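Peer 1: this is a predicted model, with the sequence first.
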Amino acid sequence: MVAIQAEEERFKAFAFNLYEDEAVRQLLLRLQDAHGLDVPLALFCIWRGVEGRVVAQETMRAAVTFSTRWRESLTQPVRALRREWKGGVAGLPDDLSERARQHVAQAEIGIEEIQMAHLSAMQAGEYAAQDAVSENLRLYVNLSGISVTLGDIEVLSATVKA
């Protein structure tokens, strides 16, 4: 149990540190909004890749299946509510409306952190490779069927390596 928690903490620290980079964050959000990229899953691919590890196909398939269900049932509805409330919550003064929206934003982050915790333990069958970041991202895109292009993957990989 301690080893699992240590991996979870390492992944979260890596992901939050990487996400603080404005160029990376903007690229991830653009790919999320335009092509359906799952940001926590992409960060998982990058994390394992930066550590020189390629996620095994069956493990990635399980990660994609889990993340798709998680996103559709939890993350997307909460994100939609947060975005809907960006213009204000009907009947509430602006300050309370923004406070309500911030609570929803924190719930969205919490939901993604639970997803990340689950993903952090999914390392069965990994193997070492030279360009593991790109390999992981390509495998994720191929298995998920999202419309991210190989060019997008290369830009993301290059941005992470910069």
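Peer 2: All right, it came through fine.

Peer 1: who's in contact with the spatially most central residue of the chain?
Peer 2: For the chain, the residue lying nearest the average C-alpha position, counting by Cα atoms, centre = their mean, turns out to be P40 (1.4 Å). P40 sits next to A15, S67, E112, Q115, M116, L119 when contact means Cβ atoms under 8 Å, 6 or more residues apart in numbering. C-beta coordinates here come from the backbone N, C-alpha and C atoms, glycine included.

Peer 1: what's the pLDDT at it?
Peer 2: We note a pLDDT of 98 for P40 in this prediction.

Peer 1: F66 is in contact with H118, correct?
Peer 2: Yes. Taking Cβ atoms under 8 Å as the definition, H118 is a contact partner of F66 at 6.5 Å.

Peer 1: re earlier: and the contacts of P40 as a markdown table, adding neighbour count and secondary structure?
Peer 2: Converted to a markdown table, the contacts of P40 look like this (neighbours: other Cβ atoms under 10 Å; DSSP: H, G, I helix; E, B strand; the rest coil):
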| residue | neighbour count | secondary structure |
| --- | --- | --- |
| A15 | 22 | helix |
| S67 | 23 | helix |
| E112 | 22 | helix |
| Q115 | 22 | helix |
| M116 | 22 | helix |
| L119 | 28 | helix |
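
Peer 1: report the two of the residues you listed separated the most.
Peer 2: For those, the maximum inter-member distance is 13.8 Å, found between A15 and S67 (Cβ to Cβ).

Peer 1: and I111, how many neighbours?
Peer 2: I111 has 20 neighbours, counted by other Cβ atoms under 10 Å.

Peer 1: would you check that it makes contact with V78?
Peer 2: Yes. I111 is within contact range of V78, at 6.1 Å (criterion: Cβ under 8 Å).

Peer 1: buried ones in stretch 98-117?
Peer 2: Residues of stretch 98-117 classed as buried by neighbour count (16 or more other Cβ atoms under 10 Å): A100, R101, V104, A105, A107, E108, I111, E112, Q115, M116, A117.
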